[in-house]
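[1] any chance you could fold what I've pasted below:
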Amino acid sequence: MNMMKIEELNTKELLEKTGNTTDLTDREKHLIGLAVTTTRGCIACTGRRMKKAIENEVPYKTLVAAIDLSAAVNAGVTAAIAIQGAQRENLEDCNDGACTIGVSN
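    Numbers count the residues shown, from 1 in each chain. Below is the predicted model:
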């Protein structure tokens, strides 16, 4: 079986081009990258991102704040998807308002 190499994909060029943008600061790139790696669940990538950000003078507390924000956004998305899925299937628990976000009964 022939294995595809990343060099054969346009993805490598896209990643390099995107990483070289001057529209984002290095700090912003580190924080966005960290949010993506934590969301994707890559432990090694997240550790490397954190280390590289700290080496580039992004404070640890800033990394924690970015991770907290990423976790909160993902929790909201997870809840919304679950609610929409339950509503789509007309599950009984959703009919009494249990699947409504931010509305008390």
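[2] switch to C-alpha atoms for all contacts and neighbour counts from now on
    Noted.
[3] for the helix or strand containing A66, packing partners?
    In the assignment (DSSP states H and E), A66 maps to helix 60-88. Counting contacts by 3 or more CA pairs under 8 Å, 6 or more residues apart in numbering; DSSP states H and E, helix 60-88 packs against helix 26-40, helix 92-95.
[4] now for the closest residue to S70 other than its chain neighbours, how many residues are close by?
    In this structure, S70 finds its nearest non-sequential neighbour in A35, 5.7 Å apart by CA to CA, 6 or more residues apart in numbering. By other CA atoms under 10 Å, 20 other residues sit near A35.
[5] again with the one 3 residues further on
    By the measure other CA under 10 Å, the count of residues near T38 is 18.
[6] tell me where the model's unsure across the protein.
    1-9, 11-12, 91-105 (pLDDT under 70).
[7] what residues sit buried inside stretch 51-68?
    A53, I54, V58, L63, A66, I67 (16 or more other CA atoms under 10 Å).
[8] and for stretch 18-34?
    Quick answer for stretch 18-34 (16+ other CA under 10 Å): D26, K29, H30, L31, I32, G33, L34.
[9] repeat that for stretch 73-91.
    I83, A86, Q87.
[10] can you lay out these as CSV showing distance to V77?
    Formatted as CSV, those follow (distance: CA to CA, whole Å):
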residue, distance to V77
I83, 10
A86, 14
Q87, 15
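[11] among the residues you listed, which one lies nearest to L14?
    Among those, I83 lies closest to L14 (CA to CA), at 35.2 Å.
[12] report the two of the buried residues of stretch 51-68 separated the most.
    Taking CA to CA as the measure, the buried residues of stretch 51-68 reach their widest spread between I54 and I67, a distance of 14.1 Å.
[13] run the chain-centre distance for stretch 81-93.
    Remark: stretch 81-93 is offset 24 Å from the chain centroid, using CA atoms, centre = their mean, to the nearest Å.
[14] using PDB, list the CA coordinates for that stretch.
    Taking Å, rounded to 0.1, in the frame of the first residue of the first chain, the C-alpha atoms of stretch 81-93 are listed here in PDB:
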ATOM      1  CA  ILE A  81     -26.400  19.700  19.400                       C
ATOM      2  CA  ALA A  82     -27.900  17.300  22.000                       C
ATOM      3  CA  ILE A  83     -31.000  19.500  22.300                       C
ATOM      4  CA  GLN A  84     -31.500  19.700  18.600                       C
ATOM      5  CA  GLY A  85     -31.000  16.000  18.200                       C
ATOM      6  CA  ALA A  86     -33.600  15.200  20.900                       C
ATOM      7  CA  GLN A  87     -36.000  17.700  19.400                       C
ATOM      8  CA  ARG A  88     -35.600  16.300  15.900                       C
ATOM      9  CA  GLU A  89     -36.500  12.900  17.300                       C
ATOM     10  CA  ASN A  90     -39.500  14.300  19.200                       C
ATOM     11  CA  LEU A  91     -38.200  12.800  22.400                       C
ATOM     12  CA  GLU A  92     -40.700  13.100  25.300                       C
ATOM     13  CA  ASP A  93     -38.300  14.900  27.600                       C
END
